[in-house]
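[1] What shape does this take:
(one chain, ligands or ions: 1)
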Amino acid sequence: MSLEIKELFAEREAERYALHTRYLNEQMVRVLKTIGFDKRYQRGAGQYLYDPQGGRYLDLLSGWGVFAIGRNHPTVRDTLKAVLDSEFPNLVQMDVSALAGVLAERLLRYVPYLDKAFFTNSGTETVEAALKFARAATGRAGIVYCSHAFHGLSYGSLSLNGDQIFRSGFGPLLPECIEIPFDDLDALDRALASEKIAAFIVEPIQGKGVTVPGDDYLRGALDLCRKHGTLFIADEIQTGLGRTGRFLAIEHWNIEPDMVLLSKSLSGGQVPVGALLTRKWIFDKVFDRMDRAVVHGSTFAKNDLAMAAGLATLEVIESERLIENAAQTGARLLATFEKMAQHHELVKAVRGKGLMIGVEFGAPQSLTLKASWNLLETASSGLFCQLIVIPLLKDHKILTQVAGHANHTIKLLPPLIISDADCDWIERSFETVIADAHHVPGAIWTLGRTLVDNAIRARASG
Ligand SMILES: Cc1ncc(COP(=O)(O)O)c(C=O)c1O
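    Next up, the predicted model:
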């Protein structure tokens, strides 16, 4: 007898918000209802989500970057079904997995200067492994990270989080973690000068705000790391696997880090997985004796479904030429948004590479617009962007969000499979909503008043 999961989903899906309010995160339900994101998606395929009425939505969030190859890709599904049907001897533990060996071999082909892979179950676990490996390899304790960084939310990775809202209330965090400004080589040089720093960890393009560093930054940072005996860790958990139009974002700057961290897209959107790719000498410092063969690891890491999902995902990325598609469609969208910035005063900047794009809004010059902007921003910093993302979803069926707390950047992180027709859809919708935002009074600013009232009411109720 099997659990009738399809029937269970159909019977209970309308209750999702009630169930979450009662048993899970009530605040999340309040957020979704407040901004009208409580949509009841019923099905996901490729870059689209479908509601019960068959309405089709274009997903520019990709589950925070998980669905590079789109949702429910047939190759990944068929591969996973085949694993289940094959009755492989999964997770024997006192044995080693063939599929893990093959996935390691396949991943390391993309980084010929690295030799070893270590698998985990998520992004944050990959970061935790990198921290332990860096300390073990160098015998040093310090870790340097950047302001506005996001590397995950478990204690090690949280200690490298450059955003107070995530840290506050959870201290004390890991000692000897030093924050420096992003894209500032002098600050890095000063931080490393103590010669006590095991590693410098950096997102090549920061997810929060989609911040792209200056062209010399990452190369300069690597040189400084070499000078001070510090390991360079590239957190490619969001930028990796083709997202920026190269397999790894660091390839734009042609650098060879000591560790590359992957997760998110490697899952095929189906089975959580993470991978740390590194040099043999670093790996050998961690696993240095037979009695330390399991000194770091996790029960479910290297499970067959995760390894198969990773292999199938790489197959799809290559056979469908998704890296090339990310580069091409990304360049098209960037050019369009840059044009929008020229004739819409609320658009301040457009940043990104490939299909990781940030559209930044900022205070306008004209007086009526400025007064309305100030009203919103006084109520809650970053609120303006909700005036864009709410109508994008409600009127244009485009799912997107801001790139972090109190942030004025809307982030586009679509599946790498998006087509020219999807780009038309994105461009048309953003143009309409952004143009509307320049009309005061208008529907968008009426929505703004409602959001300000909500923000004031929420503050009053604590
Ligand atoms: C760059 C980066 N590193 C690490 C993480 C943490 O990954 P996870 O949420 O799987 O723990 C994220 C997640 O957003 C990320 O963007």
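
[2] Count residues in the vicinity of the closest residue to the ligand within the stretch 51-200 of the chain, would you?
    Residue nearest to the ligand within the stretch 51-200 of the chain (Cβ to the nearest ligand atom): residue 123, separated by 2.1 Å. C-beta: built from backbone N, CA, C; applies to glycine. When neighbours are defined as other Cβ atoms under 10 Å, residue 123 has 28 of them.

[3] I'd assumed residue 152 was in contact with it.
    Yes. With contacts counted by Cβ atoms under 8 Å, residue 123 reaches residue 152, the gap being 5.3 Å.

[4] Name the residues of the chain found near the ligand, please.
    Contact residues, the chain versus the ligand (Cβ under 6 Å from any ligand atom): 64, 122-124, 127, 150-152, 203, 207, 235, 237-238, 263.

[5] Just the buried ones out of the residues you listed, please.
    Neighbour counting over the residues of the chain next to the ligand (16 or more other Cβ atoms under 10 Å) leaves 122-124, 127, 150-152, 203, 207, 235, 237-238, 263 as the buried ones.

[6] which among these gets closest to residue 226?
    Distance to residue 226, by Cβ to Cβ, is smallest for residue 235 among these, at 18.9 Å.

[7] Need phi/psi at the closest one.
    For residue 235, the backbone dihedrals (degrees, to the nearest 10) come out as phi -80, psi 100.

[8] For it, give me its contacts.
    Neighbouring residues of residue 235 by Cβ atoms under 8 Å, 6 or more residues apart in numbering: 127, 149, 151, 201, 202, 203, 261.

[9] Now intersect these with the strands, please.
    With DSSP state E as the criterion, strands contain 201, 202, 261 from among the contacts of residue 235.

[10] Export those residues to a markdown table and append columns for pLDDT and neighbour count.
    Shown next, in a markdown table, are the ones in strands among the contacts of residue 235 (pLDDT from 0 to 100; neighbours: other Cβ atoms under 10 Å):
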| residue | pLDDT | neighbour count |
| --- | --- | --- |
| 201 | 99 | 26 |
| 202 | 99 | 29 |
| 261 | 99 | 29 |
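
[11] Now flag whichever of those residues is closest to residue 333.
    Nearest to residue 333 among those, with distances taken as Cβ to Cβ, is residue 202, at 25.1 Å.

[12] so what's that closest one bridging to?
    Note on residue 202: beta-bridge partners by DSSP bridges are residue 234.

[13] Find the residue closest to residue 100 in space, skipping its chain neighbours.
    residue 302 (4.2 Å; Cβ to Cβ, 6 or more residues apart in numbering).

[14] Tell me if residue 416 really is in a helix.
    No. Remark: residue 416 does not belong to a helix; assigned using DSSP: H, G, I helix; E, B strand; the rest coil, it is coil.

[15] and residue 88, how far is that from residue 312?
    15 Å (Cβ to Cβ, to the nearest Å).
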